[in-house]
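Colleague: okay, here's the prediction I keep looking at, along with the sequence it came from:
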Amino acid sequence: MAPQSMSKPGSPLMEVRDLSVAMRSESGVRPILNTIDLTVMPRSVLGIIGESGSGKTVLSRALVNWIKPPLAITSGSVRYGGRDLLALPEEEMAALRGREIAYIGANPTSALDPTVPVGHQILEKLRAVAPQLSRQDARKRIIDTLDAVRIPSPAKRFDEYPFQFSGGMMQRALIVDALVSNPKLLIADNITQPLDVTVAAQILRLLRDLQKDFDTAVVFISSALGIVSEIADDMIVLDRGHIVERQPVNALLEKPEHGYTRELIAKVPKIWTGAAEPPAPSAQNVVLDVRDVEKTYEVRDRNAIFAHRKVQAVRGVSFTVRRGENFGIIGESGCGKSTLSRLLSCLEAPNRGQILFEDRDIATLRGKDLLALRRRFQLLLQDPYNAIAAHSSIGRTIAEPLLIHGLVPRREIRKRVSAVMSEVGLSPSLYDQLPVGLSAGQRQRVNIARALVLEPELLILDETLSALDQVEQAKLLDLFETLQARRGITYVYISHDLAMVRRVCARIAVMYLGRVVELSDNETLFASSSHPYTRALLSAVPTVEEKPYKTETYLLEGEPPDPIDIPPGCSFRTRCPFAFDRCAREDPRLTLLSDGSLSACHLEGSGLPAVDIAGLQPVATVAQTRPVAP
Amino acid sequence: MTSSTAQAEIAPPSAADNQRGVTRRILARAWSYTEMKLAAAVFLLLVALTLFGPLLIDASATKMSVADKFLPPLFMEGGRLPHFLGTDQLGRDLLLRSLVGLRNAFAIGVVSVIGMFILGCAIGIYAGYRGGWVDVILMRLTDVQMSIPVIILAITILGMSRPTAVSIIAVLILASWPVYARVSRGVTLAERQKEYVRAAKILGASDLRIMVRHIAPSILPPIAFVAVLDVARMMIFEAIFGFIGIGIQPPTPTFGTIISAGTQYLLNAWWITIVPGVLLALALGSLNLMGGVLERARNHILQGGE
Amino acid sequence: MAFAIEFFLRRISQGLVIVLLVAFVIFTLLRIVPGDPIRIILGPMTPASVLEQTAKDLGLRDPILVQFGRFVGQVATGDLGRSFIRGLQGGSAGGSQDAAGYNPESRASVAELIGTALPYSLQLAGLGILFALLVAVPIGMAAGLRAGKWPDRLGLYVSSLFVSLPNIWVAVVLIFLLSAKADLLPAIGYRGFSYTIIPAMVVAIELSPVMIRAISVSVAANLGEIYYDVGMVRGLSRWTMIFKHVLRNAAVPLLNLFGAQMIGMLLGGLFVVEYIFSYPGVGMLTINAVFQRDFPIIQAVAILASGALVAINMLVDFTSTTIDRRLKF
């Protein structure tokens, strides 16, 4: 413990001493947290960083004495206001919770009763912790606070249900719920984790502002170094249940002392500094030609009789992909990329437009032709756990497409499958095993092998690597590269992961609200994007390097409009910091700019602030130059 | 853009567990309950009795003997061997009659549950997978079927023709398949959205192949657990049919007819009614207890328990 | 509001189609099973020529669809037809009495017969549900709140035991013990409210295991939801969470169970129990009608029963969507 490194003077608000937590199961006792010591000072923000499995969620819950079997506290104390919370009777603990100590978790959408309006639940809590408030006063106070966290039309939102809130909106509501009783301490466990980067950036800024306004101390727990470092004063690094390092945030980034910390810093992807040369666009013939594709879904309208409303999921998307190229499609949740993926994989047909694979419209294919297309045109899905059926052996799973297509005589199947398994780095000895013990990475390899066994020419990777950690992701990207070199495969990456797209894609399309708003080659897009939305995305990526796009300049307000109710004019103007009156009247078309990129913005890039890419310095230079400790 | 992993820190990803492994773990978990072992022992004992009892006991389930009528069970005064549980109003051995009745009831229960399981699940999976108007029509059909009470259907069909084991099974299947169709449709709807179905489609698998090879194996085990409870339910229906006079016809003994006939002699020879009922309740109780334990073992495992 | 209007318009029209289909199925079934209704109406001694003539006069020789159309037309005006057998005074008139000429006016109206019997059935059903709730709510709640502990096991035992007792046998045993031996309560027939108590106990024993299991499962499931734990971390008390949130959420599956399963069980149970106890409700009316081949009564009861099921399910679904707005119908 090094209290001198803590930045604020005064007596501590919370002191954790010698805290250990273990998981008890039939197979024995497994330690989760080991002798944790930490101190929270009033009005400070303590950041706790840890990868998944480090025990950080358990730690955050232990701070509010919320440890349930099979977890058990085996030693230590959590002292708050002179009392040990862990030894407190349930009623006294309940009296602190929500009043002095507030907690926000990573699961905003399931944190409240789904059947009661959000506002009413906050009201219930406020009235429970402050019974002296009248119903009207409490309601007014909540609506005011909802307004303060920039929830639009708060009085209306007060009566809406949790499922009507987006993740970001819900997280704001929970921040209101936590702060409305003026707590002294707020525990925020991974609160940005389920959110899109632009929304996470807003929440982060909001929390920082409120923390100052309310004079609240915050324990901010996250798995993303780029996010904690934005908000924390002091940092604690948690590795497999141990605190391995504690330092003020800048010192930690500049002079990490522990090897694990350096490893963590090195793992944060670099987008601008130290990034490898991106792959070049291909000049071969066009394999995939997407022409003005549109897809709408109908949903029942609760407020009108026998009426439906149209959800415009994809609104006229066009692009081409050349043979041997890596093409990227990026966008946040709700931008239409999953719908686009369903259209590309021929599971649904577009309402308008065409998808041409080698000049044939895939929507018109039936029977044998469709089967032949599926052989050459494969899609890999995101979830490595659910994409392979659990009841078949690994070999049988990979052989399935061969059986479907009847490509290989039965006695040769084993040979073919084993060959593909070795090619993707799976031991052929796994052939007869069930997938139950496989790691996420191995499962994804099974998935890849199953697609490769058909020898496809075009692979669409729909968030294929999102569920994997950085190391596993890098290995698979290498595998894809090797396969491309050997078999000349064309890849379309659909992803939200900017760093990955930066590394592998030659040309990139950015989607917003069912449209492509910018389409450029890799270097142009990252170095001098000509669309404000792309810049906002890039400004919000959690990295530990200096960004060419300043968060303050590009931070977005609010959330994307409802795809049922898209405003006229430019669909991005409701959030765009540069919107002007023309944007409300006229919908910008995707136009070719002088640098060869396509952008749908009236400012055409030149109207946006200038970017200086050459002068950038990586903040964590030390981490890169020093060798990583074993 | 969410930051990468969304896995829980403590719990292993439950989707990782394959269905067969899950089934095995559920069975292992269920077996760890004392209740399960007890119920299984009682059940197996009864099954053994129904199979071998008629060979061991020197009496007849159907032969009348006026001299032996209204004999009380052995544990009461006046009881005598070989009539362990006494005799009925016609001097027939009650234990044997109950055992034969139990065997028939069990056979009817098992066969009808298998029938309604196959029929219901086939329709349910098809409706859930196809969706659209096929789904609407099939589900409205289950509505129609479910809104005719079983008893009305049974007494209408069985009461107006001569009931046989086959027609009883047919009525039970006809009356109960909608439940299975409903449940399997519901699960199929959820399953259809899952990635592995999408993956299979992208690989080019036909709809039939997906339904049979992918969806059916993952949704049938949970429904099969529930089916254990239904065997007991069907056995009760069989008894009710016999009681009302629309079950298997005499002289074949069924619980319904034994109980119904016994009611006339309730004050003088209560055992005619009570004793077979206890035996039936024991059989059903062991089945239901096993079903109940299986169900909670399943809930336990699916909620991430060991 | 718009949602409610659309919901009811949609469901009532669907419900009418269902009831119509049920009516058609039963109607057809009754006309293809062995046994000529005209012989039942007129009795076995009637000469063949008279039978044919009367059958033609009554329209019984028309195609089934024509007969069904006529029947639907009648039902639409509220006329459920007249019993084949029961006379106006209630007793069976069947057969010889009027062999010389059949006069439909001499037979009891089905609507009146059902109208007389229905209050008895409702009384029995109400009391049965009340008894079942008295048993199931405390046991089910305790089992759900303390999953894995002894109340949970108690719930398992009680529900496994009750579900294993055939209602016919329970009825006989209760008659034997409470009525014949102990002489506490009357059992057979109906001469006062006390005649409802033993039958209602039988109904309750049949219903309660399903209730116990459903209550404990849905309460326990909601205790496992994140919002329950988070609620307490947010500063709400355990009892607030249970009474204001867990019970509210648990109500949705319970309501659905009530609609989908319990009403069917209740109806089936009522029929059997009324028959055993000679209780003068709709169930006994129907079972006797089946044995006497009194088709008008059977089809009327079937239609009313399915109508009731459809209506109850509609209300259940509407209540569910009101409680949980995520549900769509």
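Modeller: Cool, the structure landed.
Colleague: just the element for residue A:47, please.
Modeller: Per DSSP states H and E: residue A:47 is located in strand A:45-50.
Colleague: each with direction, which strands does that strand pair with?
Modeller: strand A:217-222 (parallel), strand A:234-239 (parallel) (DSSP bridges).
Colleague: any idea how far it is from the chain center?
Modeller: 19 Å (Cα atoms, centre = their mean, to the nearest Å).
Colleague: kindly report the same for stretch C:245-265.
Modeller: So, by Cα atoms, centre = their mean, the centroid of stretch C:245-265 is 17 Å from its chain's centroid.
Colleague: again with stretch A:290-303
Modeller: Worked out by Cα atoms, centre = their mean, stretch A:290-303 lies 25 Å from the chain centre.
Colleague: can I get that stretch in PDB, CA atoms only?
Modeller: Coordinates of each C-alpha in stretch A:290-303 appear next as PDB, following Å, rounded to 0.1, in the frame of the first residue of the first chain:
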ATOM      1  CA  VAL A 290     -23.700  -4.700 -54.100                       C
ATOM      2  CA  ARG A 291     -26.000  -2.300 -55.800                       C
ATOM      3  CA  ASP A 292     -28.300   0.100 -53.900                       C
ATOM      4  CA  VAL A 293     -29.600  -2.600 -51.600                       C
ATOM      5  CA  GLU A 294     -32.500  -1.800 -49.300                       C
ATOM      6  CA  LYS A 295     -34.200  -3.900 -46.600                       C
ATOM      7  CA  THR A 296     -37.100  -2.900 -44.400                       C
ATOM      8  CA  TYR A 297     -39.000  -4.900 -41.700                       C
ATOM      9  CA  GLU A 298     -42.500  -4.400 -40.500                       C
ATOM     10  CA  VAL A 299     -43.400  -4.100 -36.900                       C
ATOM     11  CA  ARG A 300     -46.800  -3.900 -35.400                       C
ATOM     12  CA  ASP A 301     -47.800  -0.400 -34.200                       C
ATOM     13  CA  ARG A 302     -49.100  -0.400 -30.600                       C
ATOM     14  CA  ASN A 303     -50.700   3.000 -31.000                       C
END
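Colleague: average pLDDT for that stretch?
Modeller: For stretch A:290-303, mean pLDDT rounds to 86.
Colleague: any idea how many residues pack against the closest residue to chain B within the stretch 101-250 of chain A?
Modeller: Here the residue of the stretch 101-250 of chain A nearest chain B is residue A:197; by Cβ to the nearest Cβ that distance is 4.0 Å. For the C-beta atoms, the positions are set from N, CA and C on the backbone; glycine is no exception. A count of neighbours around residue A:197, defined by other Cβ atoms under 10 Å in any protein chain shown, yields 25.
Colleague: surely it meets residue A:332?
Modeller: Yes. If you go by Cβ atoms under 8 Å, residue A:197 and residue A:332 touch, sitting 7.3 Å apart.
Colleague: rounded mean pLDDT for the strand holding residue A:47, please.
Modeller: Strand A:45-50 shows a mean pLDDT of 92.
Colleague: in contact with the residue of the stretch 101-250 of chain A closest to chain B, which residues?
Modeller: By Cβ atoms under 8 Å, 6 or more residues apart in numbering or on different chains, residue A:197 lies in contact with A:332, A:496, A:498, A:537, A:540-542, B:1.
Colleague: report the contact partners of residue A:323.
Modeller: Taking Cβ under 8 Å, 6+ apart as the test, what residue A:323 contacts is A:282, A:284-287, A:457, A:488, A:490.
Colleague: ok, the residue most central in space within chain B to residue C:54 distance?
Modeller: Against the mean C-alpha coordinate of chain B, by Cα atoms, centre = their mean, the closest residue is residue B:231 at 1.0 Å. Counting by Cβ to Cβ, to the nearest Å, the separation of residue B:231 from residue C:54 is 48 Å.
Colleague: just give the nearest non-adjacent residue to the residue in the stretch 101-250 of chain C that chain A sits nearest to, would you?
Modeller: Going by Cβ to the nearest Cβ, chain A is nearest to residue C:235 of the stretch 101-250 of chain C, at 1.7 Å. Spatial nearest neighbour of residue C:235, excluding adjacent residues (Cβ to Cβ, 6 or more residues apart in numbering or on different chains): residue A:98 at 1.7 Å.
Colleague: got the phi and psi for that neighbour?
Modeller: Dihedral angles of residue A:98 (phi, psi; degrees, to the nearest 10) stand at phi 80, psi -20.
Colleague: that one: neighbour count?
Modeller: 25.
Colleague: let me know the secondary structure of residue B:81.
Modeller: Under DSSP: H, G, I helix; E, B strand; the rest coil, residue B:81 falls in the coil class.
Colleague: so which bits of the stretch 201-306 of chain B are right by chain C?
Modeller: Residues of the stretch 201-306 of chain B that fall close to chain C, judged by Cβ under 8 Å from any Cβ of the partner chain: B:229, B:232-233, B:236, B:239-240, B:243-244, B:255-256, B:259-260, B:262-263, B:266-267, B:270, B:273-274, B:277, B:280-281, B:284-285, B:287-289, B:292-293, B:296, B:299, B:303.
Colleague: buried among those? Need that as a selection in ChimeraX.
Modeller: Of those, the buried ones go into a single ChimeraX selection, burial set by 16 or more other Cβ atoms under 10 Å in any protein chain shown:
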select /B:229,232,233,236,239,240,243,244,255,256,259,260,262,263,266,270,273,274,277,280,281,284,285,287,288,289,292,293,296,299
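Colleague: and the residues of the stretch 201-306 of chain B next to chain C, which of them are in helices?
Modeller: B:229, B:232-233, B:236, B:239-240, B:243-244, B:255-256, B:259-260, B:262, B:273-274, B:277, B:280-281, B:284-285, B:287-289, B:292-293, B:296, B:299 (DSSP state H).
Colleague: let me know the pLDDT of the closest residue to residue A:87 other than its chain neighbours.
Modeller: Nearest residue to residue A:87 in three dimensions, chain neighbours excluded: residue A:77, at 7.3 Å (Cβ to Cβ, 6+ apart). You'll see residue A:77 listed with a pLDDT of 91.
Colleague: wait, what's in contact with the residue nearest to residue B:287 when sequence neighbours are not counted?
Modeller: What sits nearest to residue B:287 in space, not counting adjacent residues and going by Cβ to Cβ, 6+ apart, is residue B:232, at 4.4 Å. Residues near residue B:232 by Cβ under 8 Å, 6+ apart: B:109, B:284, B:287-288, B:291, C:163-164.
Colleague: make it 10 Å
Modeller: Applying Cβ atoms under 10 Å, 6 or more residues apart in numbering or on different chains, we find residue B:232 in contact with B:105-106, B:109, B:113, B:280, B:283-291, C:160, C:163-164, C:166.
Colleague: great, nothing more from me.
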